[in-house]
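> Predicted model follows, preceded by the sequence.
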Amino acid sequence: MSAFEDFSRTGQWNDELARLLYGAVRSVATSRNFPAPAGYRSWADDDAVYETAHEFLYGPGGKKRITALLVSATCQASFERLLDTYVQNFLRDQARRTDIGKLVRRINEVAEADASFEVAAANPRRWRLAGGLIDPSTAPASALSAALKEVRVVVPAWSSETRDAPAADRASFVDMIHAVLSAADGSVSAADIAHAVAERLDVRRVLPEEALDPMLEIGLEPPDPNAAPDTEVEDRDIAVQVFDRLDDNERILHANQGSTVRELGDLLGMSKSRAATMQMALHAKFARLLAAYDDARGALHHLDQLCSDWFRDWTNELGPTSQELTSTDSRTEG
């Protein structure tokens, strides 16, 4: 039995898959020149690889990545190919977040040194134009980004091989911060300024974190909103069949897939380790139940909604509302 087959059957991330993940992280990171995580000089440090791999598995979006791997892979070879793709997407997202962090630090540094700007609030810190409104801005992010379209940005010449080139010179940063705060008509956090500035400097290099669709992050496109009616009906039917084969705990787990294992344990009245084990087993169950379908993305989308609706009614003590959608006992094992 291959490592992938064992994972599909048990839901347990085994030692062989861990070895494959470590190898994928090191190979993709070095071949595509991704920066090593903070605190490490290079990917030659094994701890840099281990830390990144563990973040891939257990950090934000980890549950969706593992579920997508199980649903999409059909064998050991396809699992390994997909793993490389998901690791690449994960590292690209990490690099984007790192770039946003650098911009936040640079914006705070420039604003602190320029008399044109004042701190409007300390926790969290927000910036305003000197003498401007203290209240938080209600301007949409699109308005803040649009305010930078006409701002001239100068990128200074750079020759250092050990330090990153600046995204713009100090005068350009002052002008960009001023433009954002003028459009904001109120105080704005350095993070919100950074997201607007990121789009102005290079949207392809630094994307706002909010713009990253969770399904794109793990290498899957979201369901096509223009899908043919027949496809939509089939996806919903598949989702209902899978929903029928989930017990109450599994429905609760899937409806709260963004929660931590500690939160899931509290919700289910069990230890966090037990909740984590059940969650991995649920991912494996999805893989088994959806293995016959070429494209499970649409079905998963509908399943998300079914479980969320059921959980909402369950927490309101109204009882599950899925009876008219389902025909078999919800505790039937798949």
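Perfect, thanks for sending it.

> in the stretch 151-300 of the chain, which spans are strands?
Counting by DSSP state E, counting those that start in this stretch, the stretch 151-300 of the chain has strands at residues 188-189.

> low pLDDT regions in it?
Within the stretch 151-300 of the chain, the set of residues satisfying pLDDT under 70 comprises 158-166, 202-232, 290-297.

> Quick check: chain neighbours aside, which residue is closest to residue 138?
Taking Cβ to Cβ, 6 or more residues apart in numbering, and ignoring the residues beside it in sequence, residue 138 has residue 186 as its nearest neighbour in space, at 6.7 Å. All C-beta spots, glycine's among them, are computed from the backbone N, C-alpha and C.

> Residue 133 is in contact with the one you found, correct?
Yes. Residue 186 is in contact with residue 133 according to Cβ atoms under 8 Å; the separation is 4.7 Å.

> So the two - more neighbours on which side?
residue 186 (18 against 14; other Cβ atoms under 10 Å).

> Which residues are in contact with the more buried one?
Listed by Cβ atoms under 8 Å, 6 or more residues apart in numbering, the contact partners of residue 186 are 128, 132-139.

> What's the separation between it and residue 128?
For residue 186, the distance to residue 128 under the criterion Cβ to Cβ, to the nearest Å works out to 7 Å.

> and for these two, which residues touch both?
Counting by Cβ under 8 Å, 6+ apart, the common neighbours of residue 186 and residue 128 are residue 134.

> gap between the residue of the chain most remote from its centre and residue 270?
Of all residues in the chain, the one whose C-alpha sits farthest from the chain's mean C-alpha position, using Cα atoms, centre = their mean, is residue 131 at 38.0 Å. Counting by Cβ to Cβ, the separation of residue 131 from residue 270 is 56 Å.

> same question, residue 113
Distance check for residue 113 against residue 270: by Cβ to Cβ, it reads 53 Å.

> Got the domain ranges for the protein?
The record, using automatic domain parsing to delimit domains, assigns the chain the ranges 3-96, 99-211, 229-315.

> ok, which pair from the contacts of residue 186 is furthest apart?
Looking at the contacts of residue 186 by Cβ to Cβ, the two members farthest from one another are 134 and 139, with 15.1 Å of separation.

> and the two? which has more neighbours close in?
Taking other Cβ under 10 Å, residue 134 and residue 139 do not tie; residue 139 has more neighbours (17 against 12).

> Now do the SS call for the more buried one.
Three-state secondary structure (criterion: DSSP: H, G, I helix; E, B strand; the rest coil) places residue 139 in coil.

> What is the burial count for the closest residue to it other than its chain neighbours?
Using Cβ to Cβ, 6+ apart and skipping residues adjacent in sequence, the residue nearest residue 139 is residue 184, 4.9 Å away. Applying the criterion other Cβ under 10 Å, we find 25 residues in the vicinity of residue 184.

> now swap in residue 263 and tell me
Neighbouring residues of residue 263 were enumerated by other Cβ under 10 Å; the total is 13.

> Then the one 5 residues further on?
By the measure other Cβ under 10 Å, the count of residues near residue 268 is 17.

> Tell me if I'm right that it and residue 249 touch.
Yes. Contact between residue 268 and residue 249 holds when scored by Cβ under 8 Å: they sit 5.9 Å apart.
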